[in-house]
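1. What shape does this take:
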Amino acid sequence: MGEFAFVVSTVLASHYTQSLPMKNTTIAIACDHALYRESLSNLLEQTGYRVFIKAGDGRELIQLLEEAIFLPGVCIIDVVMPDLGGEATAREIRSKWPEVNIVAHSMDDSPKTIEKMIENGANRFVSKGDTAMLKNTLKELTSVNVS
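-> You can find the predicted model right below:
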């Protein structure tokens, strides 16, 4: 490689990597309720996280993860979604990207639901009504001090 090409590629690589957000503060959300998905995204961004993937179901989330140039630190997955539900989504993410943390998120916080999600790859389960617990869980999984 010539000197000019080396300098250009070094500068481009430096710019490219500097423009990527830190992985541990990035979030992907999969939820079939658009209003909830957007509200959760806004809340998390105000808290200091960057939500860069918002999907309406598990299949869309998997597709967007496959197309992404970097992976999120955490995927927040609704348990009940059309097409590809939470269990199958968690299982596929865990299989393809074991380094990604998964938080199952649902109004159904029955022991059976929690157990199924953990068995299928979720790191944690947080009820949709518990914003404080979600923030604490994300803080724990990302080891980031956010407000």
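2. from here on, contacts and neighbour counts on C-alpha atoms
-> Will do.
3. Go ahead and confirm residue 56 touches residue 36.
-> No: assessed by Cα atoms under 8 Å, residue 56 is found out of contact with residue 36, at 10.7 Å.
4. what residue ranges in the chain score low on pLDDT?
-> 1-23, 144-147 (pLDDT under 70).
5. Any chance you could list what contacts stretch 71-88?
-> With contact meaning Cα atoms under 8 Å, 6 or more residues apart in numbering, stretch 71-88 is reached by 23-32, 56-59, 65, 89-90, 100-106, 116-117, 120, 138, 141-142.
6. make it 7 Å
-> With Cα atoms under 7 Å, 6 or more residues apart in numbering as the test, stretch 71-88 has contacts from 23-32, 57-59, 65, 100-106, 117, 120, 142.
7. what pairs with residue 51 across the strands?
-> residue 27 (DSSP bridges).
8. Which residues are in contact with it?
-> Taking Cα under 7 Å, 6+ apart as the test, what residue 51 contacts is 26, 27, 28, 41, 45.
9. The second one: how many residues sit nearby?
-> It stands for residue 27. 25 (other Cα atoms under 10 Å).
10. looking at it, it is touching residue 47, isn't it?
-> No: under the criterion of Cα atoms under 7 Å, residue 27 is not in contact with residue 47, lying 11.9 Å apart.
11. Quickly list what's touching both of those two.
-> With Cα under 7 Å, 6+ apart, residue 27 and residue 47 have no common neighbours.
12. that older thread, so if I had to pick from residue 56 and residue 36, which one is more boxed in?
-> residue 56 (18 against 12).
13. With adjacent residues omitted, what lies nearest to the more buried one?
-> residue 32 (4.4 Å; Cα to Cα, 6 or more residues apart in numbering).
14. Using the three-state scheme, assign that neighbour.
-> Put simply, residue 32 is coil when judged by DSSP: H, G, I helix; E, B strand; the rest coil.
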